[in-house]
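> Okay, sequence plus prediction incoming.
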Amino acid sequence: MTTFNIQPASSTVNWTGKKILGLHTGTINIKNGFLLFENNLLNDGEIVIDMTSIIITDIADKSVYKEFFDHLNNDDFFAVDQFKTASLKITNSEKINEQYKIFGDLTIKDITHPVKFVATIEIFTDFVHALGEIKIDRTLYNIKYGSGKFISNLGDKLIYDEFVLQFKLVGQK
């Protein structure tokens with residue numbers, strides 16, 4: 001068994017949320033985490049996300065940025081004052097060539113649902129690198145603002161239910 005501790009300063013998580021008339025992008029920091037491998041299979045792990053670190057990267061106007069930033073942090077979206085972290089608990093994986101199909105439980109706003117996604121993982125002597133992307137249906141986590149599932153006649157105000165997290169993890173023994 002080999003455990004790699006995630007190095008938050010070397011790891012990145014980028015997010016993308018889409019709407020009818022465009023998209024928004026940003027970053028969010030990893031607070032801590034680990035990946036545990038046994039016989040080259042990812043059998044366990046946890047990644048904790050610091051929800052207080054969310055940043056928007058596509059808005060330059062300070063007043064528009066602040067309005068959207070406040071919106072993301074309030075109850076309509078992530079309720080960051082109540083839920084300062086989100087987490088991914090890895091339960092197992094299947095290795096397919098150089099990629100891993102990863103299974104786990106994602107918790108946002110204290111609501112947990114199973115997820116699966118594909119990542120490319122390279123194991124070195126003292127380090128591990130993982131690259132991948134997770135598509136998340138925000139409505140499963142009680143984030144319903146602007147969703148066509150819950151509000152009709154949104155027109156060009158519709159926000160798509162799925163958002164994407166693209167990640168690069170660096171872990172060290």
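Right, received. Where do you want to start? Residues are numbered from 1 along each chain as shown.
> Show me the shaky parts of this structure.
144-160 (pLDDT under 70).
> can you pull out the helices in it?
For the chain, the helices defined by DSSP state H cover 62-73.
> Quick one: the strands in it, in order.
With DSSP state E as the criterion, the chain has strands at 2-6, 12-19, 22-38, 41-56, 85-96, 99-108, 111-123, 127-137, 159-172.
> Same list, those, but as JSON lines with distance to residue 62 please.
Using the backbone N, CA and C atoms, a C-beta is placed for each residue, glycine as well. Output for the strands of the chain, formatted as JSON lines (distance: least, Cβ to Cβ, whole Å):
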{"stretch": "strand 2-6", "distance to residue 62": "32"}
{"stretch": "strand 12-19", "distance to residue 62": "20"}
{"stretch": "strand 22-38", "distance to residue 62": "15"}
{"stretch": "strand 41-56", "distance to residue 62": "11"}
{"stretch": "strand 85-96", "distance to residue 62": "27"}
{"stretch": "strand 99-108", "distance to residue 62": "28"}
{"stretch": "strand 111-123", "distance to residue 62": "32"}
{"stretch": "strand 127-137", "distance to residue 62": "28"}
{"stretch": "strand 159-172", "distance to residue 62": "22"}
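> For residue 67, find the nearest of the ones you listed.
Comparing those against residue 67 with Cβ to Cβ, the closest turns out to be strand 41-56 (10.4 Å).
> Now do the buried residues in the closest one.
42, 44, 45, 46, 47, 48, 49, 50, 51, 53, 54, 56 (16 or more other Cβ atoms under 10 Å).
> Tell me which two of those sit farthest apart.
Longest span within the buried residues of strand 41-56, Cβ to Cβ: 44 and 56, 33.0 Å.
> what's the first-to-last distance across stretch 49-65?
Stretch 49-65 has an end-to-end distance of 22 Å (Cα to Cα, to the nearest Å).
> ok, residues contacting that stretch?
13, 15, 23-31, 68-69, 72-73, 78, 80, 83-88 (Cβ atoms under 8 Å, 6 or more residues apart in numbering).
> and with 7 Å instead?
For stretch 49-65, the external contacting residues (Cβ atoms under 7 Å, 6 or more residues apart in numbering) are 13, 24-31, 68-69, 72, 78, 80, 83-87.
> roughly how far apart are residue 58 and residue 108?
22 Å (Cβ to Cβ, to the nearest Å).
> between the two, who's got more neighbours?
residue 108 (23 against 12; other Cβ atoms under 10 Å).
> mind listing what that one touches?
Neighbouring residues of residue 108 by Cβ under 7 Å, 6+ apart: 86, 141.
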